[in-house]
Structures are given as structure tokens and as C-alpha cells.
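Trainee: Attaching a predicted model along with its sequence, questions to come.
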Amino acid sequence: MPMQNWWFTARLRLRSILLGRRVERELDEELQFHLEHKIEEGIANGLSPKEARYAAMRAMDGLEQRKEEMRDMRRIHWLTDFLDDARFAIRSLSRTSGLTAFVVITLALGIGMTSATFSMVDALIFRPYPVPHPSDIVTLASTTHDSNIDDFSYREYLDIRDKTKSYDGVIANAGMEAPIRR
Amino acid sequence: MSKPNDLVQGTLDLLLLKILALEPLHGWAISLRLKSISGDVLQVSEGSLYPALHKLEQEGWITAEWKQTENNRRAKFYSLTRLGRRQLESEAANWRRLSSAISHVIQLSEG
């Protein structure tokens, strides 16, 4: 299609999509207008109204088929067909509403759980801490004779916090099973 | 024997563009006009006229507008666009070239 007339075509096609029923009605009205004039012409030529009507209908025979051609010309069949398919799908699904509900809930739970897990992993592991210079943050751990990693006592924490020169600041967190004695 | 009102393939567009270049008309008036201008030689069936008009409209060569007729009926009037005028000129030039070539051929004297 030449570039020069894309605007006309796009406008007409958009109109066919948005005002589909109106475009159809206008097509009918246009052909009806023609039919009536053809009948009047027949009557003017001496036919009875009934004969004139038959003659006109015969002359316009196959117009339904032509209408289909004119619809094809608007080239929106892919869309109207898709909408028909969607409507059919919705009707079929609503007939088996129990199964539909089950499938929808299964999908919803599955998608929800997966996306919750992934957003947690994403926030905790894949993204840096939401602070300036996240690479400067270190974790301190203590070692003992028995274990490579051990917890600090609260007093140790206070000492590190107050005496340290290597860190800008120190914070501690405690596990639930290690109650702090004051 | 071929019917005299059979239109040469592809000439319907040219005829419609030319008729609409004279004045905006609705479908029925176009078919009357075509008959009267051509002295009843050219006739186009409804089955060809309307699809052709809609095709021309899709191409952007003519544009349609609903207006009142003289007897106060609503009808779809077609008129030529600027693109349509250009198309008419090129198709008319084409037709002249073709028809003069064909006349040349059939005027060749035999023997």
C-alpha cells in the first residue's frame, strides 16, 4: 500500500473497529437507499410496485456476498474474528464455572507464590543494600575453639561499638534463641 | 458474443473517479450518471458499483459524507480527494495511451 494514503486507510479502519455496528448500519442504509430508488424507477417504467420490488431485489442479488467483500476490504477480520473467539471462550468457560474457578485459583496461587519468592530473593540477594557505598558494609563474626563462627556477647558488642576505630558505626542483631541479659 | 456493456477490466475505477471529479454524488446517482453520460452504453451493476466505491474510499481517492438529498433523504455522497484527482490524471493518461495504441492496431489495413 502506498505511503501517501496510509492516513485515509488507518482512519477508516479505526472507524470500522470502534464503530463497527455503525459502519454496518451505514452500509445497509446505503444499499437500502439504492434499492428504493431502483423500485421507484421500476414503477416509473410501468411496473406494478410488487414487480418493481422483485426486479430491484433481483438486480441487487448477491449483495449480501458483496457486503462480505466490502467488509473484507476494511481488513479488520482478524480483529472481529479474535473478539468472536474471545466471546466464545468466555461462554465456554462460564458453562464449566467450577473447573474454571479451580484453574484460575491454581494459577493465581502459583503465580503469586513464585513471584513472592523471587521478589524476596531479588531484594535480599540480587540487589545491593539500599545505602550509600554498600560495598563498605562488613559482617563481623567471632570465633571460638569449637566453632569458626560464633555470636558475640552483648558486652563484646558494646566494646566493639565504643572502642572501634576501623568502622564508622556498629549495629548488632540477635537471634530469637539468644535472649539478651541486661 | 461479448456484451457491449461489459466494462474493460480496471476502467470502472477511472470512470467513477471522473464522474466524482465533476460533482459529489451518491451511489444511485453515480449509476444513473454513468448510464446517461455514456449514452446507455456503459452500465455497472450494483454488485460491482458499491464494492468499487468502497475500494476507492479505502485507497483514499474518494471520501464519503452523509448528506440530505433534494427530497430530504439521507444518502452517502462520495467526492474526490486531492489524492483521487492525482490518481484520475494518471489513470486517464494511461487509458489514452492504451486506447490510442489499440486504435492504431485495429486500423491497420489488411492485405
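Mentor: All right, it came through fine.

Trainee: where does residue 78 land in three-state SS?
Mentor: All of this is about chain A. Under DSSP: H, G, I helix; E, B strand; the rest coil, residue A:78 falls in the helix class.

Trainee: I was after chain B.
Mentor: strand.

Trainee: beta partners for it?
Mentor: Note on residue B:78: beta-bridge partners residue B:25, residue B:64, judged by DSSP bridges.

Trainee: Neighbours of residue B:82, how many?
Mentor: 10 (other C-beta atoms under 10 Å in any protein chain shown). Bear in mind the C-beta positions are built from the backbone N, C-alpha and C, glycine included.

Trainee: Quick check: phi and psi at it.
Mentor: phi -60, psi -40 (degrees, to the nearest 10).

Trainee: I'd like the distance between it and residue B:13.
Mentor: 17 Å (C-beta to C-beta, to the nearest Å).

Trainee: go on, residue A:118?
Mentor: The spacing between residue A:118 and residue B:13, counted by C-beta to C-beta, is 60 Å.

Trainee: Between the two, tell me which one has more neighbours.
Mentor: residue B:13 (19 against 11).

Trainee: what's the average pLDDT for the helix or strand containing that one?
Mentor: Per DSSP states H and E: residue B:13 is located in helix B:11-22. Averaged across helix B:11-22, the pLDDT comes to 91.

Trainee: near chain A at all, that helix?
Mentor: No. Helix B:11-22 is not in contact with chain A by C-beta under 8 Å from any C-beta of the partner chain; minimum separation 13.5 Å.

Trainee: which parts of chain B sit against chain A?
Mentor: So chain B meets chain A at B:26-28, B:31, B:45-47, B:50-51, B:54-55, B:57-61, B:63, B:66, B:73-76, B:81, B:83 (C-beta under 8 Å from any C-beta).

Trainee: Let me know the distance separating the residue of chain B found nearest chain A from residue B:84.
Mentor: Going by C-beta to the nearest C-beta, chain A is nearest to residue B:60 of chain B, at 2.9 Å. Distance of residue B:60 to residue B:84, given as C-beta to C-beta: 8 Å.

Trainee: Repeat that for residue A:133.
Mentor: Residue A:133 is 69 Å from residue B:84, where distance means C-beta to C-beta.

Trainee: Please identify which of these two sits among more neighbours.
Mentor: Neighbour comparison, residue A:133 and residue B:84: the larger count goes to residue B:84, with 25 against 8 (by other C-beta under 10 Å).

Trainee: Who are the packing partners of the helix or strand hosting the more buried one?
Mentor: Using DSSP H and E, the element containing residue B:84 is helix B:82-106. Judged by 3 or more C-beta pairs under 8 Å, 6 or more residues apart in numbering or on different chains; DSSP states H and E, helix B:82-106 is in contact with helix B:11-22, helix B:46-59.

Trainee: So which of those helices is nearest residue A:71?
Mentor: Nearest of the helices and strands packed on helix B:82-106 to residue A:71, taken as C-beta to C-beta: helix B:46-59 at 9.3 Å.

Trainee: Now the closest one: average pLDDT?
Mentor: 85.

Trainee: picking that back up, filter the residues of chain B next to chain A down to the buried ones and hand me the PyMOL line.
Mentor: Typed into PyMOL, the line below selects the buried ones among these, using 16 or more other C-beta atoms under 10 Å in any protein chain shown:
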select buried, chain B and resi 26+27+28+31+46+47+50+51+54+55+57+58+59+60+61+63+75+76+81+83
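
Trainee: Nearest to chain B within chain A, name that residue for me.
Mentor: residue A:8 (2.9 Å).

Trainee: ok, which stretches of chain A are helices?
Mentor: Using DSSP state H, the helices of chain A run over A:6-18, A:20-44, A:49-59, A:63-73, A:77-95, A:97-121, A:154-163.

Trainee: and the second one with helix A:77-95, angle?
Mentor: Right, helix A:20-44. 120 degrees (axes from the mean of the first three to the mean of the last three C-alpha atoms, to 10 degrees).

Trainee: residues near the residue lying closest to residue A:129 once chain neighbours are set aside, how many?
Mentor: Among residues not flanking residue A:129 along the chain, residue A:137 sits closest, at 6.1 Å (C-beta to C-beta, 6 or more residues apart in numbering or on different chains). Number of residues near residue A:137 (other C-beta under 10 Å) recorded here: 10.
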